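> turn this into a structure:
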Amino acid sequence: MSVDQATVRRIARLARIAVEEHEIPHLQGEINAILSFVEELASVDVEGVEPMTSVIPMKLPLREDVVTDGEIAAKVLANAPLTENGFFLVPKVVE
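Modelled structure (predicted):
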């Protein structure tokens, strides 16, 4: 797969990156190099290789899954501009 200069401009626009016109050929080469590397990875035989989340086997410490309110409701409500009866007070947006 190869990208042209129009695609580089579109990628830059979508990423909200300011790219000068003289930089486009260089970026085109960089993107094409990345894509060719990814294509090489697709040819690697991974049959029988189990997926892993880390390069070393380890178990993460787990805590009991308990639903709580964090016990800091007063501190959270202190950040709100308006509250009423322990709830955030917001302006009505639907008539």
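> residue 35 touches residue 3, doesn't it?
Yes. Counting by C-beta atoms under 8 Å, residue 3 is a contact partner of residue 35 at 7.1 Å. Placement of C-beta: from N, CA and C, glycine included.
> who has more neighbours, the two?
residue 3 (17 against 13; other C-beta atoms under 10 Å).
> could you pull up phi and psi at the more buried one?
phi -100, psi 150 (degrees, to the nearest 10).
> residues in contact with the nearest residue to residue 89 once chain neighbours are set aside?
The shortest distance from residue 89 to any non-neighbouring residue, by C-beta to C-beta, 6 or more residues apart in numbering, is to residue 82 (3.9 Å). For residue 82, the contact set (C-beta atoms under 8 Å, 6 or more residues apart in numbering) comprises 88-90.
> ok, now how distant is residue 4 from residue 49?
Here residue 4 is placed at a distance of 35 Å from residue 49 (C-beta to C-beta, to the nearest Å).
> any idea of the pLDDT on the residue of the chain most remote from its centre?
In the chain, counting by C-alpha atoms, centre = their mean, residue 85 sits farthest out from the average C-alpha position, at 37.1 Å. Listed pLDDT for residue 85 reads 91.
> kindly report the same for the one 5 residues further on.
Listed pLDDT for residue 90 reads 90.
> quick check: it vs residue 72, distance?
20 Å.
> same thing with residue 23?
49 Å.
> likewise for residue 58?
Residue 58 is 32 Å from residue 72, by C-beta to C-beta.
> neighbour-wise, which of the two wins?
The neighbour count for residue 58 versus residue 72, taken as other C-beta under 10 Å, is higher for residue 72 (10 against 7).
> which of residue 4 and residue 49 has more neighbours?
Set side by side, residue 4 and residue 49 show more neighbours around residue 4, with 11 against 8, by other C-beta under 10 Å.
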